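1. quick one: sequence plus predicted model below, questions after.
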Amino acid sequence: MIGVGKIKQYANVLEKPLSKGKQEVSLGAFAFLFSELVQYNQTQVDNIAELERRLEDAGYSVGARILELLCHRDKGNRRETRLLGILSFVHSTVWKVLFGKVADSLEKGTEHEDEYMISEKELLVNRFISIPKDMGTFNCGAFVAGIVRGVLDSAGFPAVVTAHFVPMEGLQRPRTTILIKFAEEVLRREARLGDPSSTDCTELNSAIFSSSQVKMAMEVQAERIHSSPPLPWKSLDLHIDLLLYWRSF
């Protein structure tokens, strides 16, 4: 850092302090950029599963960097060491940075101890995406699933993270559920650390639906993917609603 009068000049961009101010990106700019990301990856794959995997990989690198930024800027380089602590961190802090709000719900699976779900009625990456019928249950939420996996993996909580549409009664569009299945090593470590009252499961929202509903959606999605012929990628048209021109994030 070089001082010239009252103006500080930084010789290296890495020496600049991390801003704590509120920073927002135009929703329209993000939507068009994300649309281009999806359409580019369409040209590189032959099926829906591979397209979702590529989106997840793209999100993974974002998640790893978000964790590094937030831990350094807001937590004094400290990180969460407990299971429900890191889930709460993703559900609240990470979600606010990404989408400007806390996630709609954080739920524990009713059938398996290693499964948790973060749900959104209208996930940003799916809000203005029009998916052709021949793409079946393709879910752009795979990008967000990758972000969540990147955060968890980098924090020492390896997990399989997937995105699924789950139909909900009374809602015109299905909600998006990010299903998190932690590795066995995470549960063993959590058992060794004990179960302090500060991370009691009552902190989680009461489950609105069971993990069996998510699994049913997964099975339907897998059946459609494997039973459908190769998709005519050149004819696909994922487009953004014109309302984006008039909205800001």
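-> That came through, no problem. Residues are numbered from 1 along each chain as shown.
2. lowest confidence element among the helices and strands of this protein?
-> Comparing helices and strands within the chain by mean pLDDT, DSSP states H and E singles out strand 2-4 as the least confident, with a mean of 42.
3. packing partners of the helix or strand containing Leu106?
-> According to DSSP states H and E, Leu106 maps onto strand 105-108. Secondary-structure packing of strand 105-108 (3 or more C-beta pairs under 8 Å, 6 or more residues apart in numbering; DSSP states H and E): strand 115-120. Backbone N, C-alpha and C define where each C-beta goes, glycine included.
4. and the contacts of the following helix or strand past the strand it packs on?
-> The helix or strand immediately downstream of strand 115-120 is helix 124-127, counting by DSSP H and E. Under the contact criterion C-beta atoms under 8 Å, 6 or more residues apart in numbering, helix 124-127 has outside partners 27, 30, 34, 98-99, 139-141, 143-144, 176.
5. if we use 6 Å, what do you get?
-> With C-beta atoms under 6 Å, 6 or more residues apart in numbering as the test, helix 124-127 has contacts from 99, 140-141, 143-144, 176.
6. which one of these is nearest Arg53?
-> Comparing those against Arg53 with C-beta to C-beta places Phe143 closest, at 11.0 Å.
7. and Ile180, what does it touch?
-> Per C-beta under 6 Å, 6+ apart, neighbours of Ile180: 116, 159, 161.
8. give me the element it is part of.
-> Going by DSSP H and E, Ile180 is in strand 175-182.
9. what angle sits between whichever helix or strand comes after that strand and strand 175-182?
-> Following strand 175-182 in sequence order, the next helix or strand is helix 184-193 (DSSP H and E). Inter-element angle recorded for helix 184-193 and strand 175-182: 70 degrees (by axes from the mean of the first three to the mean of the last three C-alpha atoms, to 10 degrees).
10. phi and psi next, for Val161.
-> phi -120, psi 130 (degrees, to the nearest 10).
11. residue numbering should commence at 23 henceforth.
-> Happy to do that; since the first residue is 23 now, the last one works out to Val183.
12. tell me where the model's unsure across this protein.
-> 23-45, 97-99, 217-271 (pLDDT under 70).
13. could you rerun that using 50?
-> 23-29, 219-225, 228-233, 242, 244, 246-271 (pLDDT under 50).
14. quick one on the thing from earlier: among the contacts of helix 146-149, which lie within helices?
-> 121, 165-166 (DSSP state H).
15. buried subset of these?
-> Listed as buried from those are 165-166; burial here means 16 or more other C-beta atoms under 10 Å.
16. output the ones in helices among the contacts of helix 146-149 in a markdown table; the columns should cover distance to Ala86.
-> Listed next are the ones in helices among the contacts of helix 146-149 as a markdown table, based on distance: C-beta to C-beta, whole Å:
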| residue | distance to Ala86 |
| --- | --- |
| Phe121 | 18 |
| Phe165 | 14 |
| Val166 | 14 |
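17. which of the ones in helices among the contacts of helix 146-149 sits closest to Met157?
-> Phe165 (15.4 Å).
18. hang on, isn't that closest one packed against Gly81?
-> Yes - proximity of Phe165 to Gly81 meets the contact threshold set by C-beta atoms under 6 Å, at 4.3 Å.
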